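1. my questions are about this predicted structure, shown below with the sequence.
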Protein chains: 2
Amino acid sequence: MTIHDTKMGKGPVTPQSVTTGPIQGSRKVYASPAGHPDIRVPFREIVLSDPNEAPVRVYDPSGPYTETDGGIDLNNGAPLVRKGWIAGRGFETVAGRAVKPEDNGNIAADKLVAACPAERVIRRGRPGQPVTQFEFARAGIITQEMRYVAHRENLAREEALAQAAEKLADGESFGASVPEFITPEFVRDEIARGRAIIPANINHPEVEPMAIGRNFLVKINANIGNSAVVSTAADEVEKLVWAIRWGADTVMDLSTGRNIHNIRSWIMRNAPVPIGTVPIYQALEKVDGDPLKLDWEVFKDTLIEQAEQGVDYFTIHAGVRLAHVPLTAKRVTGIVSRGGSIMARWCLAGHRESFLYERFDEICDIMRAYDVSFSLGDGLRPGSIADANDDAQFAELETLGELTKIAWDKGCQVMIEGPGHVPMHKIRVNMTKQLRECGEAPFYTLGPLTTDIAPGYDHITSAIGAAQIGWFGTAMLCYVTPKEHLGLPNRDDVKTGVITYKLAAHAADLAKGHPAAQLRDDAISRARFDFRWEDQFNLSLDPDTARSYHDETLPKDAHKVA
Amino acid sequence: MTIHDTKMGKGPVTPQSVTTGPIQGSRKVYASPAGHPDIRVPFREIVLSDPNEAPVRVYDPSGPYTETDGGIDLNNGAPLVRKGWIAGRGFETVAGRAVKPEDNGNIAADKLVAACPAERVIRRGRPGQPVTQFEFARAGIITQEMRYVAHRENLAREEALAQAAEKLADGESFGASVPEFITPEFVRDEIARGRAIIPANINHPEVEPMAIGRNFLVKINANIGNSAVVSTAADEVEKLVWAIRWGADTVMDLSTGRNIHNIRSWIMRNAPVPIGTVPIYQALEKVDGDPLKLDWEVFKDTLIEQAEQGVDYFTIHAGVRLAHVPLTAKRVTGIVSRGGSIMARWCLAGHRESFLYERFDEICDIMRAYDVSFSLGDGLRPGSIADANDDAQFAELETLGELTKIAWDKGCQVMIEGPGHVPMHKIRVNMTKQLRECGEAPFYTLGPLTTDIAPGYDHITSAIGAAQIGWFGTAMLCYVTPKEHLGLPNRDDVKTGVITYKLAAHAADLAKGHPAAQLRDDAISRARFDFRWEDQFNLSLDPDTARSYHDETLPKDAHKVA
C-alpha cells in the first residue's frame, strides 16, 4: 500500500497528490454484467487467510484512488466512466457560461486558485428529448447507468442468493419492496416511480453510477467544504478522496468564501461519486453575504454555473414559504438550517413569498436540462429535541411533497431532506409522513440526533437515530462528525463520521432483511471465532484502527493467530 | 479543579491518589428530603452564565471524588453513608472468613499487594429477620435506601414538575409505569414487585444507594478489572473513580489473576457505587484455571469471601444447563460468554447438570444473608448477528425466569443479563420475552451490538442497540468500549464507553417520556441558540472534549460569547 498524503499549505495551492492505494487487506476488482463489457463496476475484495473461506466482496465507492496503481493525475481528472454513454444520447454541446469574477468571490489575482485544467465538453439537454434518468425510465428505457447500478447493488452476483427469500422474510422492512435480486428493469421501475434516483449530471462523466432509494442498500453522504480560515483546493480534493476511501457514497461540497468556483472544478473533475451542493450558498457570496440582495437572476445564474460544472444534486430550500416562518417563532432553537435562515430572512424582510417557491417551475427546467437531481432542503428542520416534529417542520414537509410532484411532472429526479434533532419515539412518524407526503421519493436525513446533551459525541447521538430511520426507510444518511456544533471537522473527524455512518447504514440493511447484508457479518464472526485476527481486521470497516487497537495491548504476532 | 493522576507503576503498588475535583463548570451539592437530615443525596449542579437561567441539577454517581475538597484518603475508604442505617437493623456481627493464600492466587509474598487497611465490621443477616431490600419492601417497610433513591431519582425536587403528565403522555414507554414523581412508597412497591432493585450489600456501607428498574432513570454499568499484564491495585481504583466521574452508575470488577482479593478490598472500600463481580472467575483461579476442578465447595467459599467484602451483585450463570449446551452446536460463534464457556465445559465433561443450577437454593441463602443481588448471567448470549435470538439463548432465558421466582421466594433481589449481538429488528422481542419470562425483573444488557463488522467502533454499534433496548424497557446498560473484541480498554476508552452509554441511556429516557429528562436538552439548546459557548460546554456530558474540539478551530475567547 502506498499512501501519498496531500501537501498541505497556505495560499492558492492546487492539488498535487491525494491518498492512494488499497485499504489494507483489500484489492480493487472490476466486474461487468454478462454481455456488457463497457460497464465495469468496481468492488473491493477482501482475501482471507483460511483457504476454505471465499474472498468477501464489498460495495466500493472509493473510485480509482484505491487501485494498486491507479495512475492518478489530478490535473487530468478521474476516468470518464460515462463518456460514451452520454455522447450517444445526442445532447446539445454548448460553449458554457463564461466564468465571472464573482464566481470566485472577486478574489485578487495573486490569491486565485487556478481551475482544474482537465477539459470537458459541456452538454445540455434539449426540450423534448429524454435527458434525466427519470425521463428515460418513464419512457421504458434502461440506461447504462441503471444496468451499472443493478450490478453494483448485487455485488456482481448474476443471480439471487439461495437464502434471499428467507433473509427477506426474516427482516422487517416497514413496507419496503427490497427484491431478492436487483435487475436493471427493477432499477428502471424504481426510478420511474420516483422511489429511487441515480444522481448523475450529464456534465459529470466521471461518476460511477449509484442509486439512492429505500429498496437499495442504504447510502451515506459526507460533507466537505472549504473555509476561508484553513482550507485550500488541495485540502478539499483530499477530503473528497479520504471520505470516499472509507465509504461515503456521495459528497456534498458546502464551500463558502472565495475561490469557490475553481475549487469546485477540482472536486468535480476528480469525483467518482455524485457531488451535491447548496447553490444558495454561492449565490449569497455573489451578493456580498446579504440575503436581502438575493434575487432570481443571481440564483438562476448560479444554478447554470454549477450545472455546467457537473454538480449532481442541488439542495433547494423551496419549501421555506413565507407562511411557514411564523410557525418557528416559539421554537427553542429557531431556524438552524443555513439555507432555511437565508430564505426566511429574505421572505420576512420584504414580506414576500420565496422566489425559490415561485420560480420552482423554472428551477425544474434548468435542472432537467442537465439531469441535476433535486435534494429538496429541510430549511425548517428542528435544531433541538424541543422543536422536533413541530408545525413548522411538518408544514415544510407538506410543501416538499407538493414540489416533488411538480418536479416529477417536469422530468426531474427528486429526493427529500429530513431532520435534524428528533428523540427516538418521534423518528418513525417522520418517515411515515415523508413517504405519504412525498410519494415515496427517497428520504435523505441528517442523523437525526436523539439528544442534545452530547456535543463532541454527536456522530453517536445521530448514528442512533440514523440507524433507526434507515431501517424505517430512509435511503441516504448524511453523516455527522464529532465536531458537529463545535467546529470544522479535520481528517480524523471525517473518517470517524464516515465509518460511524457506514455501520449505521449497515445495521439498517441488516434489520430490513437485505438478502446479502449479513454475509460480511458472518465472515467476520467466523474469523473472530477462529482467532483469525488478520481476517477480522481486514473484514472490518476500518482495518487500520482495529489492528492498532489490538496491537496496543497484544502486539505480538503470536496473538493474531489461533 | 485539581486533578491528581494516579501513580502508575509495576509490581505491588497500592493506591495513593486518584482523579479528584469537580467536573469543569460543575459543583457538588447535597440535598436531603424534608425531615430526613441523615439522608444526604449528592447531585452535580451546573451554574450558567445567563442570570435568567437557573442552575441545572444532574444525577451524579461520582461520589466524594468530585467534591472541591473531598479529603480523599484511599486508606480510610469512602464515607460510610449507610453505617447508621445498617447498624440499626440488628444484623449478626461475624469474625469473617480468614483470607487464604489462594484468594490472592497464591502469590509470592514480595508480589502481594497489601489489602486496603480500612477496617469494617462484617455483618450477616440472620434467618427469619428481614435483610434484603426486597424483604423489607415485601414487609411494607420503607428503608432509608428507598427514601434516598426516591430523592435521587427526583433530582431533589419535592413535587412533580408542572409538565410531568404532559411529558409522560408525549413519550412511548412500551408499557412501563414511570410516575410523575417518585415517592419512597413507589420505590418500595417497585422493589416488592421485583421490578426494581437497590444493589446494596450490608457489608458495603460506602454505597450511595441507587435503583435499577424500568420505571426509574436508565442506568449504565462500566467494567474494570486487572490483568496480569498491565494493571495494579492503583490502576483499578483509578479506573473505578474515573468511570464514575463520567457517569457510571455501577461498576463490575472483572479481575482475574493474582492479588484479586486484595485489589477488590481497595475497590470495595473506595466505591460509592454498587460493585458487581462474576464469582466463578475467582473460583476458577483457585482451581488453577481448570473448569473441571470446579465444585460447589470452592464456589460457595468464594461467594462468602466476596459477600463479606461487600460486593453488591453477583453474576451467576445458573441458566447454563446441561440440556442447553447442545443447542449451541450449530452456532457461528458458539459460546462467547466466559462464564457460560466455563459452565458448559464443566457440564459436558461429566455430562452432568450445572452445580449452579442444582445448588441454586443454597446460593440464594448465602446471597440473601448479605443482600447481594442476583445478576442472572446470560452465559449463552449470542456472539454474532447470526446467532441472535436462537434456541440456546431463549432456552437459557426461560431458565432464568424460573430461577428469578426461586430467588424472590428466597427473599433475594434479582436482575437478568441480556445480549450481546442482535440486529435491530430482533431487539424488541428480547425485551418482550424477558419481561414475560422473568416477571418484569430488571433487564441488564450488554449493548446489544447491531452489527459485527465494526471492531474499533463497537461502542457505537452497541449504543445503537442499547438506546433502543433501554427505550423498550431495559433498566441498566452495560457499556462497551472501542476496544471490545480487540484488547483491554485504557483510560480514554473507559471514558468514551461511559459517555457513549450515558447518551444512549439519556436518549432512552427521553423516548420513554421521562418527566424531567428533557430539561437538560432544553438548557443546552437555549445556550446553543444564544451562543453561550461556556454554558453549552458545561451542560454537555463531557465538557472537556466539547471545549477542546471547539478550541481546535475557533480558539479565541471572542468566539465563545455571542
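-> Now that the structure is in, tell me what you want to look at. Residues are numbered from 1 along each chain as shown, chains lettered A, B, ... in the order given.

2. measure the residue most central in space within chain A to A:L240 for me?
-> Residue closest to the average C-alpha location in chain A (C-alpha atoms, centre = their mean): A:T250, at 2.6 Å. Distance, A:T250 to A:L240, using C-beta to C-beta, to the nearest Å: 11 Å. From N, CA and C alone the C-beta is placed, and that goes for glycine too.

3. now do A:E67
-> Separation of A:E67 from A:L240 (C-beta to C-beta) stands at 16 Å.

4. so which of the two has more stuff around it?
-> A:L240 (28 against 18; other C-beta atoms under 10 Å in any protein chain shown).

5. in three-state terms, label that one for me.
-> helix (DSSP: H, G, I helix; E, B strand; the rest coil).

6. enumerate every residue touching it.
-> A:224, A:251, A:267, A:270-271, A:273 (C-beta atoms under 8 Å, 6 or more residues apart in numbering or on different chains).

7. same check on A:T143?
-> A:85, A:133, A:136-137, A:188.

8. just give me the closest of the residues you listed to A:R352.
-> A:Q133 (34.8 Å; C-beta to C-beta).

9. burial measure for the nearest residue to that closest one once chain neighbours are set aside, as a count.
-> Ranked by C-beta to C-beta, 6 or more residues apart in numbering or on different chains and with sequence neighbours excluded, the top spatial neighbour of A:Q133 is A:I198, at 4.7 Å. A:I198: 28 surrounding residues under other C-beta under 10 Å.

10. what about A:I198, distance to chain B?
-> Noted for A:I198: a distance of 26 Å to chain B, by C-beta to the nearest C-beta, to the nearest Å.

11. hmm, A:P543 is touching A:V58, no?
-> No. Counting by C-beta atoms under 8 Å, A:P543 sits too far from A:V58 to count as a contact (11.9 Å).

12. shared neighbours of these two, anything?
-> Joint contacts of A:P543 and A:V58 (C-beta under 8 Å, 6+ apart) are A:S26.

13. contacting residues around stretch A:261-271?
-> Taking C-beta under 8 Å, 6+ apart as the rule, stretch A:261-271 contacts A:14-15, A:18, A:63, A:74, A:77-78, A:99, A:103-104, A:112-116, A:118, A:120, A:204, A:206-207, A:224, A:226, A:233, A:236-237, A:240-241, A:251, A:253, A:255, A:275, A:277, A:282, A:305-306, A:309-311.

14. next step: those restricted to strands.
-> Among the contacts of stretch A:261-271, DSSP state E puts A:224, A:251, A:253, A:275, A:277 in strands.

15. and stretch A:460-475 with chain B, contact?
-> Yes. For stretch A:460-475, a contact with chain B is found by C-beta under 8 Å from any C-beta of the partner chain, at A:460-461, A:463-464, A:467-468, A:471.

16. send me stretch A:188-203 as PDB with only the CA atoms.
-> This file holds the C-alpha atoms of stretch A:188-203, laid out as PDB (Å, rounded to 0.1, in the frame of the first residue of the first chain):
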ATOM      1  CA  ARG A 188     -35.700   1.400 -14.100                       C
ATOM      2  CA  ASP A 189     -39.100   0.800 -12.500                       C
ATOM      3  CA  GLU A 190     -38.000   2.200  -9.100                       C
ATOM      4  CA  ILE A 191     -36.700   5.400 -10.900                       C
ATOM      5  CA  ALA A 192     -39.800   5.700 -13.000                       C
ATOM      6  CA  ARG A 193     -41.900   5.500  -9.800                       C
ATOM      7  CA  GLY A 194     -39.800   8.200  -8.200                       C
ATOM      8  CA  ARG A 195     -38.700   5.800  -5.500                       C
ATOM      9  CA  ALA A 196     -35.100   6.000  -6.400                       C
ATOM     10  CA  ILE A 197     -32.700   8.300  -8.100                       C
ATOM     11  CA  ILE A 198     -29.300   8.000  -9.800                       C
ATOM     12  CA  PRO A 199     -27.700  11.400  -9.300                       C
ATOM     13  CA  ALA A 200     -25.600  11.800 -12.400                       C
ATOM     14  CA  ASN A 201     -25.300  15.200 -14.200                       C
ATOM     15  CA  ILE A 202     -24.700  14.800 -17.900                       C
ATOM     16  CA  ASN A 203     -21.700  17.000 -17.300                       C
END
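
17. buried residues in the helix ranked longest in chain A, which are they?
-> With secondary structure taken from DSSP state H, chain A has its longest helix at helix A:491-512. By neighbour count on 16 or more other C-beta atoms under 10 Å in any protein chain shown, the buried set for helix A:491-512 is A:491, A:493-512.

18. chain B next: which of these are close?
-> Answer for those near chain B (C-beta under 8 Å from any C-beta): A:499-500, A:502-504, A:506-508, A:510-512.

19. for these, give me TSV that also has pLDDT.
-> As requested, these are exported to TSV (pLDDT from 0 to 100):
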residue	pLDDT
A:I499	98
A:T500	98
A:K502	98
A:L503	98
A:A504	98
A:H506	98
A:A507	98
A:A508	98
A:L510	98
A:A511	98
A:K512	98
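
20. which parts of the stretch 351-500 of chain A sit against chain B?
-> A:383-386, A:423-425, A:450-457, A:459-461, A:463-464, A:467-468, A:471, A:482-483, A:485-488, A:490, A:499-500.

21. quick one: low-confidence ranges for chain A?
-> Along chain A, the parts satisfying pLDDT under 70 run over A:1-13, A:227-231, A:554-562.

22. next, count neighbours for A:K433.
-> Neighbours around A:K433, by other C-beta under 10 Å: 17.

23. now the strand or helix carrying it: buried residues?
-> Here A:K433, judged by DSSP states H and E, is contained in helix A:427-437. For helix A:427-437, the buried set under the neighbour-count rule, 16+ other C-beta under 10 Å, comprises A:427-428, A:430-431, A:433-435, A:437.
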